[in-house]
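Chemist: Just need the structure, nothing else, for what follows:
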Amino acid sequence: MKPVYTDITLPVSGMSCAACATSVESMLTSLNGVFSASVNYATSTVHIRFNPLQVSLDQFQAALKPIGYDLVISAGDEDETFEQLELKRHNTLRRRLVTAAVFSLPVFVISMLWHHPSTTVQWLLLALSLPVIFYSGQGFYLNAFRLGVRGKTNMDTLVSIGTAAAFVLSLINTLFPDFIPGDGISAYVYYESAVVIITLILLGRFLEERSRGKASAAISRLMHLQPQTAIRLKGNNQEEVAIRHLLPGDTVLIRPGAVIPVDGIVVSGGSWIEESMMSGEPVPVFRKTGDQVLAGTINKDSVLQVTTLKTGKETTLSRIIAMVDEAQNSKPPVQLLVDKISAVFVPAVILISIATFIVWALIIPDQPLTYAIVTSISVLIIACPCALGLATPTALIAAIGHGAGKGILFRDAESIETAGKTDVLVIDKTGTLTKGKPELIQVHYPGNGSQDQINSTFSALTALSAHPLSAAVARGISTESTVIPEVEEFTDLPGKGITGKVGNKRYFAGSPAVLKETGIVPDKEVLTILSEYDKQAASLVLLTDSTEILAIAALSDTLRDDAVQAVEALRSAGIEPYMVTGDNQASAAQIARLAGITRFRATASPEDKAAIVRELQASGRKVAVAGDGINDTIALARADAGIAMGGGTDASREAAGITLTGHHLMQVAETILLSRKTNKIIKENLFWAFGYNVIAIPLAAGLLFPFTGLLLNPMIASAAMAFSSVSVVLNSLRLR
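Modeler: Okay, here's the model as predicted:
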């Protein structure tokens with residue numbers, strides 16, 4: 001029987017380092033009925049898959065509360081509750097930092113002035129250190145104790161052991177100067193190390209929190225686009241209601257400057273709409289009666305009345321927020337390895353610290369015992385699992401947030417990793433390279449009669465047909481006449497065109513096959529025109545009466561405005577564009593030539609497209625596919641990276657790992673380039689995080705002492721640890 005499970009993502013308050021994430025995951029997965037728990041430290045959230053018949057949300061809270069974490073479960077607004085908890089925690093952190101800084105500064109200055117302070121000065125240092133240890137540092141000690149009694153460790157464990165050791169050693173040397181023997185410096189005190197370490201780590205966490213806030217600012221901006229109330233129209237009355245009370249079919253009034261609260265259809269008015277946060281387009285677009293508008297966009301200059309189609313979590317904006325949130329909480333394959341390393345990192349560092357103490361105390365007995373204590377403390381302090389924990393998620397959050405602002409929506413973190421490795425892009429033609437709808441490019445008039453009258457008749461007749469080519473003629477043909485003639489006896493001619501009477505005269509419009517209805521034989525001039533456009537793979541719509549051809553309209557699905565630029569950008573980045581289309585050879589060749597694409601395949605079925613992807617992958621290529629139709633779904637699903645164009649079908653969006661809200665091919669190039677840059681930043685972060693610990697820990701253990709006679713001061717170790725975390729976050733912010 002298939003297991004019953006549900007998924008939920010909840011905010012977690014109280015996490016102060018990446019190792020905290022491991023502790024939260026460990027406690028939750030130990031509960032019966034929890035299949036998995038994945039914490040994103042950078043967003044302070046946990047995604048839990050569990051069986052609701054075996055375990056409840058209250059049990060999650062009960063498991064985390066004793067070790068110092070709050071799982072935010074609220075009947076109201078979880079985000080608001082979490083923000084309040086985090087604000088309270090942030091204010092506490094700031095107070096503790098200020099207190100630590102105020103008392104640590106005189107301790108540091110005095111210690112630098114008196115390397116061997118007198119008994120009186122030592123007592124003064126002790127008094128100044130107490131507020132830092134017992135107020136500013138209490139969070140470290142409490143968290144370490146809560147975890148310790150359950151056999152778990154995190155960053156606070158290292159800080160607590162290190163600072164407590166330094167403080168206790170100093171206290172013993174103050175109270176009992178001769179207790180620890182060793183070459184005349186036995187009474188040396190390390191109050192400055194203990195308090196400055198706490199101050200620097202608090203400063204590092206304060207800066208880290210601010211940086212993490214900047215990295216995840218994109219989803220906050222999206223969430224703040226959602227208004228809380230709307231003006232609903234009932235007859236001639238207006239009433240302000242909460243968004244949650246709106247229903248499909250309700251008509252809402254949108255004043256100039258207001259944020260549109262629903263997805264809906266404009267039923268009255270016309271106005272310029274700012275859609276940049278949704279589509280990535282910086283220029284406002286004009287929406288009029290009959291056009292669709294989206295929640296979160298801004299009405300710029302005129303009053304609109306909009307009939308509601310979707311509200312709340314069903315709106316496009318809400319779906320985008322959910323998609324971005326889900327992507328930010330996912331983990332790429334590389335992060336799974338990092339998580340395994342982070343889980344054993346703290347215990348390993350503690351063992352290294354103990355080994356360092358033993359080596360200095362027993363194997364090198366001619367050195368003072370204080371050397372053993374100082375080096376073991378430095379090892380505990382300098383080690384930084386936070387840098388490892390932040391290396392991947394901060395980069396992903398910054399990239400996903402930046403992409404969302406550009407109209408690029410990643411389904412998960414793995415989509416970024418795979419898209420960044422792409423070296424060939426399989427592109428659909430219609431709707432991807434081209435605009436996806438025919439446009440009138442030229443009209444020829446081989447017949448007699450007034451050109452404006454012919455245009456009026458042509459426009460009136462084609463306007464009645466639902467065929468895309470007819471609609472393009474009606475939309476594109478120009479006429480000076482202000483009166484559109486009435487068409488009578490309108491009839492479809494299946495496979496050929498349409499016919500109808502204007503005045504007392506019958507007209508025909510359609511493909512060249514419509515000539516069979518009239519018996520008209522085209523002359524040499526017309527045959528030349530038809531032949532020329534056939535070579536260009538253009539579609540033709542002819543207008544005739546019963547005796548002659550009056551007009552020939554040439555139509556073509558034109559390239560998107562940025563197609564050539566996008567192809568050039570892809571090629572310069574080492575990505576080969578490969579156009580695959582179900583269209584005929586002539587049309588494919590024409591579009592490929594205009595776009596600057598040298599490799600293409602025409603008359604390809606959906607199965608053929610998927611087979612091409614498989615062949616490319618078998619040859620060692622990393623394949624991305626960009627498409628927008630149902631016929632692209634197999635290839636999108638098969639590709640290493642599937643990119644669904646904006647305005648495409650639901651099926652294409654479901655099959656793809658990346659969805660674009662806009663229609664521009666340049667967004668495809670930007671998607672791949674952003675993914676590449678993200679992968680590069682992640683590699684840099686991991687290299688720095690691993691490299692820092694590999695180099696720093698041996699230095700802290702005294703590796704250079706035999707050659708230089710110098711030991712690393714624990715204060716320098718704490719500053720280096722704080723710097724390593726902040727530097728990783730700042731490097732990730734380059735993606736914004």
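
Chemist: Could you pull out the strands in the stretch 401-550 of the chain for me?
Modeler: Taking DSSP state E, counting those that start in this stretch to define them, one finds strands in the stretch 401-550 of the chain at 408-410, 424-427, 434-444, 487-493, 497-502, 505-510, 539-544, 549-559.

Chemist: Which of those sits closest to residue 352?
Modeler: Ranking those by distance to residue 352, with Cβ to Cβ as the measure, places strand 408-410 first at 38.2 Å. Yep, even glycine has a C-beta here, placed from its N, CA and C like the rest.

Chemist: could you say what helices and strands that closest one packs with?
Modeler: For strand 408-410, the contact count by 3 or more Cβ pairs under 8 Å, 6 or more residues apart in numbering; DSSP states H and E identifies helix 316-328, helix 385-405, strand 658-660, helix 665-700 as packing neighbours.

Chemist: Direction included, what does the shortest one pair up with?
Modeler: Taking DSSP bridges as the criterion, strand 658-660 sits next to strand 408-410 (antiparallel), strand 641-644 (parallel) in its sheet.

Chemist: could the ones you listed be laid out in CSV, adding mean neighbour count?
Modeler: Shown next, in CSV, are those (neighbours: other Cβ atoms under 10 Å):
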stretch, mean neighbour count
strand 408-410, 26
strand 641-644, 29
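
Chemist: Adding distance to residue 39, write those out as CSV.
Modeler: Formatted as CSV, the entries for the strands paired with strand 658-660 read as follows, by distance: least, Cβ to Cβ, whole Å:
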stretch, distance to residue 39
strand 408-410, 20
strand 641-644, 26
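
Chemist: would TSV of the ones you listed with mean pLDDT and distance to residue 94 be doable?
Modeler: As requested, those are exported to TSV (pLDDT from 0 to 100; distance: least, Cβ to Cβ, whole Å):
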stretch	mean pLDDT	distance to residue 94
strand 408-410	86	34
strand 641-644	88	43
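
Chemist: picking up where we left off before, format the helices and strands packed on strand 408-410 as JSON lines; extra columns: mean neighbour count.
Modeler: Below are the helices and strands packed on strand 408-410 laid out as JSON lines (neighbours: other Cβ under 10 Å):
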{"stretch": "helix 316-328", "mean neighbour count": "20"}
{"stretch": "helix 385-405", "mean neighbour count": "28"}
{"stretch": "strand 658-660", "mean neighbour count": "27"}
{"stretch": "helix 665-700", "mean neighbour count": "20"}
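
Chemist: can you put those in JSON lines and add distance to residue 729 and mean pLDDT?
Modeler: As requested, the helices and strands packed on strand 408-410 are exported to JSON lines (distance: least, Cβ to Cβ, whole Å; pLDDT from 0 to 100):
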{"stretch": "helix 316-328", "distance to residue 729": "15", "mean pLDDT": "70"}
{"stretch": "helix 385-405", "distance to residue 729": "5", "mean pLDDT": "78"}
{"stretch": "strand 658-660", "distance to residue 729": "25", "mean pLDDT": "86"}
{"stretch": "helix 665-700", "distance to residue 729": "9", "mean pLDDT": "89"}
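
Chemist: So which of the ones you listed is nearest residue 609?
Modeler: helix 665-700 (16.3 Å).

Chemist: And the next helix or strand past that closest one?
Modeler: In the C-terminal direction, the helix or strand that comes right after helix 665-700 (DSSP states H and E) is helix 705-708.

Chemist: what's the next secondary structure element after that next one?
Modeler: The element immediately downstream of helix 705-708 (helix or strand, assigned by DSSP H and E) is helix 714-732.

Chemist: okay, the angle between that next one and helix 385-405?
Modeler: For the pair helix 714-732 and helix 385-405, the angle between their directions (axes from the mean of the first three to the mean of the last three Cα atoms, to 10 degrees) equals 20 degrees.

Chemist: and helix 714-732, average pLDDT?
Modeler: Helix 714-732 carries an average pLDDT of 76.

Chemist: now stretch 133-142
Modeler: For stretch 133-142, mean pLDDT is 91.

Chemist: residues contacting residue 49?
Modeler: Residues touching residue 49, when contacts are defined by Cβ atoms under 8 Å, 6 or more residues apart in numbering, comprise 5-7, 34-37.

Chemist: Tell me the one of those nearest residue 529?
Modeler: residue 7 (61.3 Å).

Chemist: Let's verify the closest one: helix, strand, or coil?
Modeler: When classified by DSSP: H, G, I helix; E, B strand; the rest coil, residue 7 comes out as strand.

Chemist: go on, the one 3 residues further on?
Modeler: Reduced to three states with three-state DSSP, the structure at residue 10 is strand.

Chemist: same question, residue 238
Modeler: strand.

Chemist: Do I have it right that it meets residue 232?
Modeler: Yes - using Cβ atoms under 8 Å as the test, residue 238 is close enough to residue 232 to be in contact (7.3 Å).

Chemist: Just want to know which of these two has more residues nearby.
Modeler: When residue 238 is set against residue 232 and neighbours are counted by other Cβ atoms under 10 Å, the residue ahead is residue 232, at 19 against 11.

Chemist: I figured residue 349 was touching residue 379, is that so?
Modeler: Yes - Residue 349 lies in contact with residue 379 (Cβ under 8 Å); the separation is 6.7 Å.

Chemist: neighbour-wise, which of these two wins?
Modeler: Neighbour totals were compared for residue 349 and residue 379, and residue 379 leads with 30 against 25 (other Cβ under 10 Å).

Chemist: quick one, phi/psi of the more buried one?
Modeler: Its backbone dihedrals place residue 379 at phi -60, psi -40, with angles given as degrees, to the nearest 10.

Chemist: repeat for residue 640
Modeler: Dihedral pair for residue 640: phi -60, psi -40, per degrees, to the nearest 10.

Chemist: Just give me the neighbour total for it.
Modeler: For residue 640, the neighbour count with other Cβ under 10 Å is 21.

Chemist: quick one, what contacts it?
Modeler: 418-419, 421-422, 617, 622-624.

Chemist: Pass me the low-pLDDT residue ranges in the stretch 151-300 of the chain, would you?
Modeler: When residues are selected by pLDDT under 70, those of the stretch 151-300 of the chain lie in 178-188, 204, 207-225, 276-283.

Chemist: quick one: the helices in it?
Modeler: Listed in chain order, the helices of the stretch 151-300 of the chain (DSSP state H, counting those that start in this stretch) span 155-175, 191-215, 217-224, 276-279.

Chemist: so what sits against both of residue 238 and residue 232?
Modeler: Here residue 238 and residue 232 have residue 253 as joint contacts, going by Cβ under 8 Å, 6+ apart.
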